[in-house]
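Chemist: coords please:
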Amino acid sequence: MSEYSSLSQQELAVVVPELLLIGQLIDRSGMAWCISALGREKMAQIAIEEWMAASPIYTRRMQRALRFEGDDVVTIFKGLQLDIGAPPQFMDFRYSVEDPWHGRFELAHCGALMDVEPMGPDYVRSMCHDIEDPTFDATAVATNPRAQVRPVHRPPRTPAGRTPHCEWTVTISDDHPPVDFSAGCLALQDSRAATLALDPIDPSSPGRADYSGPLLSDLDFAEFSHPALVRIADEVCLQMHLLFLGFRRAVSSRLPDAEATEICVKQLTGIAGVAASRLRAALSLPSSREGAERVLALHPLFNPVAYVATADSPAHLDGAWVSLVGPAEVRPLQAIVQAVDPHLDVVVSGSPWTVSVVSRPDAAEELGEVAVTRFSSGTDFAFEPRRSLPITPV
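Modeler: A predicted model of the protein is given here:
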């Protein structure tokens with residue numbers, strides 16, 4: 001059973017967009033360390049490889065789970081709305097559809113641009129040109145290998161402050177050469193994360209059980225049923241694990257094992273603390289041992305439980321996040337509990353190991369990896385209510 005099934009439907013409607021945003025912030029945690037070790041250009045190549053490896057796999061998983069499989073533009077856009085690469089509002093995609101084979105989207109607000117723009121135009125070009133060109137098509141290939149995503153305009157912004165931040169066309173044509181799955185994606189297709197079976201959505205519960213039907217301008221997650229939200233939450237956590245597996249593969253191909261592992265631990269530590277902060281606040285959990293234990297149970301590091309829960313879990317066998325943690329490496333766990341209360345700490349012991357949350361008299365300083373991740377505006381981003389309106393062809 002999913003850990004998220006313990007939450008109410010109303011709580012899940014809050015947690016699901018939080019999880020999507022947390023997934024987006026993984027790169028804010030990891031890429032700083034890649035830049036430090038390898039420089040901007042190699043960082044960009046790592047980002048390209050990790051997203052091209054993961055996104056086609058998890059996009060197809062979500063399509064199957066929510067019954068919106070297809071080969072058209074609407075299917076691509078629905079997938080983006082449930083993708084950690086495009087969390088709602090923080091990456092404020094606005095869609096329009098001309099017909100099944102032609103559509104457009106613009107970003108009224110791009111949180112990723114807000115994070116990178118202060119770093120200068122070279123970093124903006126790396127993200128908005130070098131990374132986006134191959135990764136947008138790699139995401140679309142999960143729906144139709146002949147889909148092309150092309151810019152109308154994109155940053156660096158000219159004139160400065162231009163809105164919308166970017167605009168893109170999506171065109172599907174038999175004349176387009178098909179896009180192939182990347183080597184990283186082919187390597188991940190047989191991973192346990194890619195093939196994990198989760199409980200199907202019970203269609204008898206009140207609320208929307210799938211995303212069949214029209215494309216909606218914004219997803220109102222409160223309209224989905226409890227079982228659907230549980231499945232979405234688990235799938236979004238799997239998206240994060242798949243992204244990490246792509247990241248680990250890309251980093252490990254460029255650095256010795258010890259250096260690559262240290263960067264992976266730093267990535268996990270940074271996102272672990274930020275994720276814990278957002279989950280605690282979203283669910284109004286207490287700043288206490290009980291609150292920390294609840295955050296640990298709901299944290300993406302340990303979900304979905306079908307993937308992570310046991311000592312010989314699929315996640316351990318894949319080399320996913322949980323394989324980095326244990327009695328010899330507690331920084332990610334410390335980041336989680338200290339995001340709830342800086343007086344908390346962890347004791348990790350045993351084989352298989354267990355985590356105990358303990359109190360310390362002195363408050364710990366925030367771990368440097370978490371502080372680096374808090375550079376992102378996403379760490380304090382506030383969602384707003386949105387109406388869910390159908391989008392019809394223009």
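Chemist: so where do the strands sit in the chain?
Modeler: Along the chain, the segments classed as strands by DSSP state E run 91-99, 102-110, 147-153, 166-172, 344-349, 354-359.
Chemist: with mean pLDDT and distance to D220 added, can I get these in JSON lines?
Modeler: No exception for glycine: its C-beta is placed from N, CA and C like everyone else's. Shown next, in JSON lines, are the strands of the chain (pLDDT from 0 to 100; distance: least, Cβ to Cβ, whole Å):
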{"stretch": "strand 91-99", "mean pLDDT": "97", "distance to D220": "15"}
{"stretch": "strand 102-110", "mean pLDDT": "97", "distance to D220": "18"}
{"stretch": "strand 147-153", "mean pLDDT": "96", "distance to D220": "26"}
{"stretch": "strand 166-172", "mean pLDDT": "97", "distance to D220": "24"}
{"stretch": "strand 344-349", "mean pLDDT": "96", "distance to D220": "35"}
{"stretch": "strand 354-359", "mean pLDDT": "96", "distance to D220": "35"}
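Chemist: could you dump the ones you listed to a markdown table with mean neighbour count and distance to A53?
Modeler: Output for these, formatted as a markdown table (neighbours: other Cβ atoms under 10 Å; distance: least, Cβ to Cβ, whole Å):
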| stretch | mean neighbour count | distance to A53 |
| --- | --- | --- |
| strand 91-99 | 18 | 20 |
| strand 102-110 | 19 | 23 |
| strand 147-153 | 16 | 18 |
| strand 166-172 | 19 | 22 |
| strand 344-349 | 17 | 30 |
| strand 354-359 | 14 | 30 |
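Chemist: nearest to L186, out of those strands?
Modeler: strand 147-153 (19.0 Å; Cβ to Cβ).
Chemist: just the C-alphas of the closest one, formatted as PDB.
Modeler: Extracted in PDB, the C-alpha atoms of strand 147-153 (Å, rounded to 0.1, in the frame of the first residue of the first chain):
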ATOM      1  CA  ALA A 147       7.000  15.600 -32.900                       C
ATOM      2  CA  GLN A 148       9.200  18.700 -33.100                       C
ATOM      3  CA  VAL A 149       9.200  21.400 -30.400                       C
ATOM      4  CA  ARG A 150      10.700  24.600 -31.800                       C
ATOM      5  CA  PRO A 151      11.200  28.100 -30.300                       C
ATOM      6  CA  VAL A 152       9.300  31.200 -31.500                       C
ATOM      7  CA  HIS A 153      11.400  33.200 -29.000                       C
END
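Chemist: given it, what are its sheet partners and their directions?
Modeler: strand 166-172 (antiparallel) (DSSP bridges).
Chemist: by mean pLDDT, point me to the weakest helix or strand of this protein.
Modeler: The weakest-scoring helix or strand in the chain, judged by mean pLDDT, DSSP states H and E, is helix 132-140 (a mean of 91).
Chemist: between the strands of the chain, which gets nearest to R280?
Modeler: Using Cβ to Cβ, the nearest of these to R280 is strand 344-349, at 11.5 Å.
Chemist: please name every helix or strand in contact with the closest one.
Modeler: If you count contacts as 3 or more Cβ pairs under 8 Å, 6 or more residues apart in numbering; DSSP states H and E, strand 344-349 packs onto helix 331-340, strand 354-359.
Chemist: need the pLDDT of the nearest residue to V308 once chain neighbours are set aside.
Modeler: Take V308 and drop its neighbours on the chain: the residue closest to it by Cβ to Cβ, 6 or more residues apart in numbering is A315, 4.4 Å away. Predicted confidence (pLDDT) at A315: the value is 97.
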